[in-house]
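[1] I'll drop the sequence and a predicted model, then ask my questions.
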Amino acid sequence: MDMQAVKARALDHLMTEGKTLGIGHSAQPESMYDNPQAYPQMFPWLFPYGMGGFENENIVGRISEESHKQKLLLYHDKRFQTDVYFPIVAFNHAQMKSSSTSSFLVAKRAKFPDIADRLLGLNLPVLSSVSERMIEGEIVKPVTQDEKDCFDVLTDVDSVAGKVQGSLTSKKFMRNEIWALTSFMGAPTWFITLSPADIAHPLCLYYTGSDMKFSPDVLSHDARYLRISSNPVAAARFFDYIVKAFIKHVLGVDSGHPGIYGETGAYYGTVEQ
């Protein structure tokens, strides 16, 4: 059903006095921190009893928010997996929290005294103006001396957010690890690109279902595509399984036998983002 059909059906439901669920909002925005009711309020169809939020008082023992999200995404009826919004909202909140708690500025030690003096002498209104223009997407070129001073400082300092998934700094850390591994082990012998085809593998289709019986029925391409695209968790589990199987059985890492490319001295893998 395309978007126009969905709108037409919704309009018909409204015009025939169909029931609707109205969700209001308070005058103040809800906090992501120390708020067990945030997710039950955002997703009443996933938490029908208004309970089960992160860090709620009914949890026995200690469980991190990240582990709690993983358990919900593996819930038996797969409602959290197939929800359109829950996975991306949960990931975005985790990214924002990591950014606010793991980011900091660094500078080269040799330049630190000079950078500290220049930071104290920056024109703050000019810095705010430059920042706002850059946030709005404008390509800012320094013209005045104050603007040039701001750009000089931006060049000398680096925002470090290595623990934030998908951040530029995390990619920079990975690049440094690759160079360090190359320096220690030598240049790589093989460059392998692995692209597991989720819509063509029965294991991924099995992950998308809720039945425990493994019966790899041959489905049409469109049916496989629709089923897997509606369950990103199944696709991620399949990708993780195939990559680990490739490392163990094809490369021979921790398997007790050499890989098909010979003895594996070291390997480094990244996921395209």
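    Arrived safely, thanks for sending.

[2] which residues of the stretch 151-273 of the chain score low on pLDDT?
    With pLDDT under 70 as the threshold, the stretch 151-273 of the chain has low-confidence stretches at 157-164, 210-217, 273.

[3] Repeat the analysis, applying 90 as the threshold.
    Along the stretch 151-273 of the chain, the model assigns pLDDT under 90 to residues 151-175, 194-232, 234-235, 254-258, 262-263, 270-273.

[4] Can you list the buried residues in stretch 251-262?
    Across stretch 251-262, burial judged by 16 or more other CB atoms under 10 Å covers Leu251, Gly252, Gly259. All C-beta atoms are positioned from the backbone trio N, CA, C, and that covers glycine.

[5] TSV for the residues you listed, including distance to Ser170 and secondary structure?
    Listed next are those as TSV, based on distance: CB to CB, whole Å; DSSP: H, G, I helix; E, B strand; the rest coil:
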residue	distance to Ser170	secondary structure
Leu251	24	coil
Gly252	29	coil
Gly259	28	strand
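
[6] Specify which member of these is nearest to Gly121.
    Leu251 (54.5 Å; CB to CB).

[7] Give the full set of residues in contact with the closest one.
    Gly259, Tyr261, Thr264, Tyr267 (CB atoms under 8 Å, 6 or more residues apart in numbering).

[8] Please report how far it lies from Pro258.
    9 Å (CB to CB, to the nearest Å).

[9] With Phe173 instead?
    The gap separating Phe173 from Pro258 is 31 Å, by CB to CB.

[10] ok, how many other residues are close to Pro87?
    As a burial measure, Pro87 scores 19 neighbours (other CB atoms under 10 Å).

[11] Revised request: answer the last question for Phe246.
    Other residues close to Phe246 by other CB under 10 Å number 16.

[12] Likewise for Ser229?
    12.

[13] Who are the contact partners of the residue lying closest to Pro232 once chain neighbours are set aside?
    In space, and not counting its chain neighbours, Pro232 is closest to Pro87: 5.9 Å by CB to CB, 6 or more residues apart in numbering. Counting by CB under 8 Å, 6+ apart, Pro87 touches Leu73, Phe80, Gln81, Pro232, Val233.

[14] quick one: the third one and Lys69 touch, right?
    No. Contact criterion CB atoms under 8 Å: Gln81 and Lys69 do not qualify, at 11.6 Å.

[15] of these two, who's got more company?
    Gln81 (23 against 19).

[16] what sits against that one?
    With CB under 8 Å, 6+ apart, Gln81 has these contacts: Leu73, Leu74, Tyr75, Pro87, Asn231, Pro232, Val233, Ala234.
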